[in-house]
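Peer 1: Show me the folded form of this:
(2 chains)
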Amino acid sequence: MNELKQTLSSILLQILQKDYSNEIQHVDLQPTRKDFEGDLTYTVFPLVKITRKAPELLGQEIGEKLLVSTPDLVEKFNVIKGFLNISIRKSYFLTKLVERYQSGHFISATAEPQHIMVEYSSPNTNKPLHLGHIRNCLLGWSVSRLYEAIGHTVYRVQIINDRGIHICKSMVAWQKFANGATPASTGIKGDHFVGDYYVLFEKEYKQQVSELIQQGVPEEEAKEQAPIMREAREMLVRWEQNDPATLELWNKMNSWVYEGFDRTYARLGVSFHKNYYESQTFLLGRDIVQHGLEKGIFYKKEDGSVWIDLTADGLDHKLLLRRDGTSVYITQDIGTAIARFEEFPIQKLIYTVANEQDYHFKVLFLILKKLGYSWADHLYHLSYGMVELPHGRMKSREGTVVDADDLLDEMEKTSAELTAQFGKAEGLPEDEKRQLYTTIGHGALKYFILKVDPRKKMIFNPEESIDFNGHTGPFIQYTHARISSLLHRAESVSIPTESTELNEEEYHLLKSLLLYSDTVHKAAAEYNPSELANYLYEVARLYNSMYQKHSILTAESIEKKQLRIFLSDCTRIVLNQGLDLLGIKTPERM
RNA sequence: GGUCCGGUAGCUCAGCUGGAUAGAGCAACUGCCUUCUAAGCAGUAGGUCAAAGGUUCGAAUCCUUUCCGGAUCACCA
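Peer 2: All right, here's what the predicted structure looks like:
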């Protein structure tokens, strides 16, 4: 479609420059609104001034010239007010789709394939994954798939925050309250198990603080002094001193968590080429600080702390090394970025992190640029809005966090109920039934999340179940299943003849199918899977519209039957591939 | 307070590199299963595109101001 637009634009430009004014630098064609006849529209208003001709007349003139110079492409045109609506020969569209079908490539490959790293998920090890992580994972996964689809090589990574006070809290609580219990002994999934002790810690801590306050200790001090918090801090110190017993406990509890994460990731259908662990990266970046000091990019205060002055760039002063010489988060991020570019042959690095860290990444990228890394311009923060509940943010302290596993369970359950109610799974063996419920339930959830522009925050209402009708994943899956079943009945798919007449529904569907490649490229370029998600819905809607109105297997002629079966197969391929890029599976029946 | 992001139907969202009468879905109401899967299709109703100025042939879209919501500006991560 882009290709067509470009060809026609340049032809039109030549005409305009030759016959009207060579001041004209480029012409912009836009898709014709669906209430009007035509495929592409040229707006003549800007020319009215130059030529001093009436818009209608001007449109007519240009239209005729275009028709004469491209009789094989332009079929006819009409002018309404200042809008020149150009109709392309329908055979052009059909030929294009046939080309793609026969080549087996519905998506054109990028001219410059790159190696790209996508970081996503990146959880802490003190609690299980929640709805926010789900959005993160789905976005990271889908964006990485989009890049692969257009021909890039992608490395998926996560950085796990496995060290620090948070995990020490879980460790202390486990020592105090668990009596040696383990995920195995209790049957609780490892990440939930460890998370439970984190909650226990917070509960006990809160209790101790309020007791201290009652004894007359000021709040600030009480928070510092609470015995259980002191224990956690001591634990952290021992960890930093490599105390064997502490490390052993730490390793043990983290391994429980990882086992749990792995199960959730598997359910979500996401995976990683490499995991980074903060316990191994937190010292990175410190030598860079020395380097930056020598180059005069950083400066040292009297107390020994190291800073960078970013006020000239509209930002603040930022700390890089504490006065005791230990590093902060951003120092580690600097080091990790450098390490990644050394370790992998990548040209580009994408961080999938919520928009609450917009400032952090702005600073990080700026510092790396100032340090002179050529790749600093190819860092991208895929910033997404937080998932909120109707009453505001999810808060773990108030227990309003929507747990990832619970949500997946619920989606599967709802899916099973609906499927049974419709009688869609009758006759299937038990394991296939289960698989189908999962496919549909997860499809509903994933589509629900991915159809929203990543930059926008989204509201999730746990009271209202996620829809399975209308603008949803299951709707698209259903369309796919419908087509699969239809094609199963059709003996074969054959290539339609170019001269086949197209009715309105066939024509709209055909045109929308041709937008697939451009849409995938656009979605990748904009790091925005919702672009693709919304497009797939449109395709499915147009298909259903055709399906409902015109018989396919018993079409009025063999020619029509061939055409519709062909369009059906193309739709099936686009929906199947497209949903796959969103991490959504497509059932053969439902 | 500074910076950044958002505000479109009752609800959830498209449209935002300026173009014609602002689109879907849900919820509500009408029709359509003896014919390829009704998780579907066709239709009705629902809008001061937060507000006011400006730019221009033309603004939901660009600029300015204001209002509302959120994030961020730590020797936290």
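Peer 1: Helix or strand with the lowest mean pLDDT in chain A?
Peer 2: strand A:392-393 (a mean of 80; mean pLDDT, DSSP states H and E).
Peer 1: what's the next secondary structure element after it?
Peer 2: helix A:404-422 (DSSP states H and E).
Peer 1: same for that following helix, what does it pack against?
Peer 2: Counting contacts by 3 or more C-beta pairs under 8 Å, 6 or more residues apart in numbering; DSSP states H and E, helix A:404-422 packs against helix A:131-149, helix A:244-268, helix A:430-450. Backbone N, C-alpha and C define where each C-beta goes, glycine included.
Peer 1: Could you see whether RNA strand B lies near the least confident helix or strand of chain A?
Peer 2: Yes - applying C-beta under 7 Å from any atom of the strand, one finds strand A:392-393 in contact with RNA strand B at A:392-393.
Peer 1: Mind listing the strands that strand pairs with, and their directions?
Peer 2: Next to strand A:392-393 in the sheet, as set by DSSP bridges, lie strand A:387-389 (antiparallel).
Peer 1: which strands and helices sit next to the helix or strand hosting A:Ala540?
Peer 2: Using DSSP H and E, A:Ala540 maps to helix A:529-549. When contacts are defined as 3+ C-beta pairs under 8 Å, 6+ apart, helix A:529-549 packs onto helix A:131-149, helix A:430-450, helix A:473-489, helix A:504-514, helix A:516-525, helix A:558-581.
Peer 1: Kindly report the residues of the stretch 201-350 of chain A close to RNA strand B.
Peer 2: Residues of the stretch 201-350 of chain A lying near RNA strand B (C-beta under 7 Å from any atom of the strand): A:278, A:301, A:303, A:305, A:314, A:316, A:319, A:322-324, A:328-330.
Peer 1: Where does pLDDT dip in chain A?
Peer 2: Nowhere does chain A drop to pLDDT under 70.
Peer 1: Domains of chain A: list them as residue ranges, please.
Peer 2: A:2-88, A:164-275, A:404-581 (automatic domain parsing).
Peer 1: Of those domains, which stretch is the most buried?
Peer 2: domain A:404-581 (a mean of 18; mean count of other C-beta atoms under 10 Å).
Peer 1: can you redo the domains of chain A as CSV with distance to A:Phe341?
Peer 2: As requested, the domains of chain A are exported to CSV (distance: least, C-beta to C-beta, whole Å):
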stretch, distance to A:Phe341
domain A:2-88, 32
domain A:164-275, 14
domain A:404-581, 20
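Peer 1: those helices in the stretch 251-400 of chain A, which residues are they?
Peer 2: Assigned by DSSP state H, counting those that start in this stretch, the stretch 251-400 of chain A shows helices spanning A:278-281, A:286-294, A:329-343, A:358-370.
Peer 1: So which bits of the third one are buried?
Peer 2: Spelled out, that is helix A:329-343. A:330-338, A:340-341 (16 or more other C-beta atoms under 10 Å).
Peer 1: Relative to A:Tyr384, how far out is the residue most central in space within chain A?
Peer 2: Among the residues of chain A, the one closest to the centroid is A:Leu139, at 2.3 Å (C-alpha atoms, centre = their mean). Counting by C-beta to C-beta, to the nearest Å, the separation of A:Leu139 from A:Tyr384 is 6 Å.
Peer 1: Ok, A:Leu283 next?
Peer 2: Applying C-beta to C-beta to A:Leu283 and A:Tyr384 gives a distance of 30 Å.
Peer 1: The two: which has the busier surroundings?
Peer 2: Applying other C-beta atoms under 10 Å to A:Leu283 and A:Tyr384 shows that A:Tyr384 carries more neighbours, namely 26 against 14.
Peer 1: The residue nearest to that one when sequence neighbours are not counted and A:His508, how far apart?
Peer 2: Distance criterion C-beta to C-beta, 6 or more residues apart in numbering; nearest residue to A:Tyr384, sequence neighbours excluded, is A:Pro454 at 4.1 Å. For A:Pro454, the distance to A:His508 (C-beta to C-beta) stands at 28 Å.
Peer 1: do A:Arg564 as well
Peer 2: Per C-beta to C-beta, A:Arg564 is found 13 Å from A:His508.
Peer 1: Show me the common contact partners of those two, please.
Peer 2: Here A:Arg564 and A:His508 have A:Met546 as joint contacts, going by C-beta atoms under 8 Å, 6 or more residues apart in numbering.
Peer 1: In which helix or strand does the residue of chain A found nearest RNA strand B reside?
Peer 2: Nearest residue of chain A to RNA strand B (C-beta to the nearest atom of the strand) works out as A:Gly470 at 2.1 Å. For A:Gly470, there is no enclosing helix or strand under DSSP H and E.
Peer 1: Quick check: phi and psi at it.
Peer 2: Main-chain torsions, A:Gly470, degrees, to the nearest 10: phi 80, psi -140.
Peer 1: Ok, A:Asp72 next?
Peer 2: According to degrees, to the nearest 10, A:Asp72 has phi -80, psi -20.
Peer 1: do the same with A:Arg33
Peer 2: According to degrees, to the nearest 10, A:Arg33 has phi -60, psi 150.
Peer 1: Just give the nearest non-adjacent residue to it, would you?
Peer 2: A:Thr41 (7.5 Å).
Peer 1: Spit out the contact partners of the one you found.
Peer 2: Counting by C-beta under 8 Å, 6+ apart, the residues that A:Thr41 touches are A:29-33, A:83-86.
Peer 1: change it to 10 Å
Peer 2: Residues near A:Thr41 by C-beta atoms under 10 Å, 6 or more residues apart in numbering: A:28-33, A:77, A:80, A:83-86.
Peer 1: same question, A:Glu498
Peer 2: Shown in contact with A:Glu498 (C-beta under 10 Å, 6+ apart): A:89-92, A:94-95, A:98.
Peer 1: So what's the gap between the helix holding A:Ala540 and the chain middle?
Peer 2: 20 Å (C-alpha atoms, centre = their mean, to the nearest Å).
Peer 1: name the element A:Ile50 belongs to?
Peer 2: helix A:45-51.
Peer 1: Mind giving me the packing neighbours of the helix or strand just after that helix?
Peer 2: Along the chain past helix A:45-51, the next helix or strand (assigned with DSSP H and E) turns out to be helix A:55-69. Identification of packing neighbours for helix A:55-69 by 3 or more C-beta pairs under 10 Å, 6 or more residues apart in numbering; DSSP states H and E yields helix A:2-19, strand A:40-43, helix A:45-51, strand A:74-80, strand A:83-88.
Peer 1: what comes into contact with helix A:55-69?
Peer 2: Here helix A:55-69 makes contact (C-beta under 10 Å, 6+ apart) with A:8, A:11-12, A:14-16, A:18-20, A:27, A:42-45, A:47-48, A:50-54, A:73-87.
Peer 1: Let's see that with 6 Å instead.
Peer 2: Residues from elsewhere that reach helix A:55-69 (C-beta atoms under 6 Å, 6 or more residues apart in numbering): A:15, A:44, A:47-48, A:74, A:77, A:79, A:82, A:84.
Peer 1: relative to helix A:2-19, how tilted is that helix?
Peer 2: With axes from the mean of the first three to the mean of the last three C-alpha atoms, to 10 degrees applied, the angle from helix A:55-69 to helix A:2-19 works out at 110 degrees.
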